[in-house]
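>>> What shape does this take:
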Amino acid sequence: MKKLNTQIAFLGILSVLTLGTIATSCSKSDDNAGYEQPTKGTIDAAVGTYKGKLRSSHLDQYEYFDAVVIVTKVDDQHLKVTPKSGEAYSSVTPKTFKVEGGYNNGVQSVSGILEGYLWYTADVKTLEMATNQQAETEISFLFDGVKQ
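Alright, predicted model coming up:
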């Protein structure tokens, strides 16, 4: 019986120590004093006019340098990319991407969308994107450029 009481007392002490360790390890620490968690921005940062290189295997010429695309906001979750009208590459198909604001005001397309991908990096104001052909009449393209 004395052995059982000793074991119960030992388990009791062990439980108190374990709970004390858990409680103190979960407390707020000053190790990260002055550190701010990055915040997600809105998609507005990506809206604008971009100049760069446009590529498409469906056009007479594969690469167009100094090509211009315009990014407009459709709603709080969608951006539309349209080539500048009146240019040799203007026949590529405009696309609307479902996007989300990323950290440091970056913007990216939502993973898994069929339209392609879009990535805006706010630090350097660059746009990288590619469209997928979703219909026989569409002309897909890739674009890398900088915000004007």
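>>> who are the neighbours in contact with the most centrally placed residue in the chain?
Nearest to the mean C-alpha position of the chain, by Cα atoms, centre = their mean, lies residue 108 at 3.3 Å. Contact analysis of residue 108 by Cβ atoms under 8 Å, 6 or more residues apart in numbering lists 99-100, 102, 117-120. Every residue, glycine included, has its C-beta placed from N, CA and C.
>>> quick one: which of those residues is most hemmed in?
residue 120 (28 neighbours; other Cβ atoms under 10 Å).
>>> Who are the packing partners of the strand or helix carrying that one?
Residue 120 is part of strand 116-121, with elements assigned from DSSP states H and E. Contact analysis of strand 116-121 by 3 or more Cβ pairs under 8 Å, 6 or more residues apart in numbering; DSSP states H and E lists strand 95-101, strand 107-109, strand 126-131 as its packing neighbours.
>>> Tabulate these (CSV), appending mean pLDDT.
Output for these, formatted as CSV (pLDDT from 0 to 100):
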stretch, mean pLDDT
strand 95-101, 97
strand 107-109, 97
strand 126-131, 98
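>>> looking at these, which is buried most?
Here the criterion is mean neighbour count by mean count of other Cβ atoms under 10 Å, and of those the winner is strand 107-109, at a mean of 22.
>>> In the chain, which strand is the longest?
Ranked by residue count, the top strand of the chain under DSSP state E comes out as strand 63-75.
>>> how big is the angle separating that one from strand 116-121?
90 degrees (axes from the mean of the first three to the mean of the last three Cα atoms, to 10 degrees).
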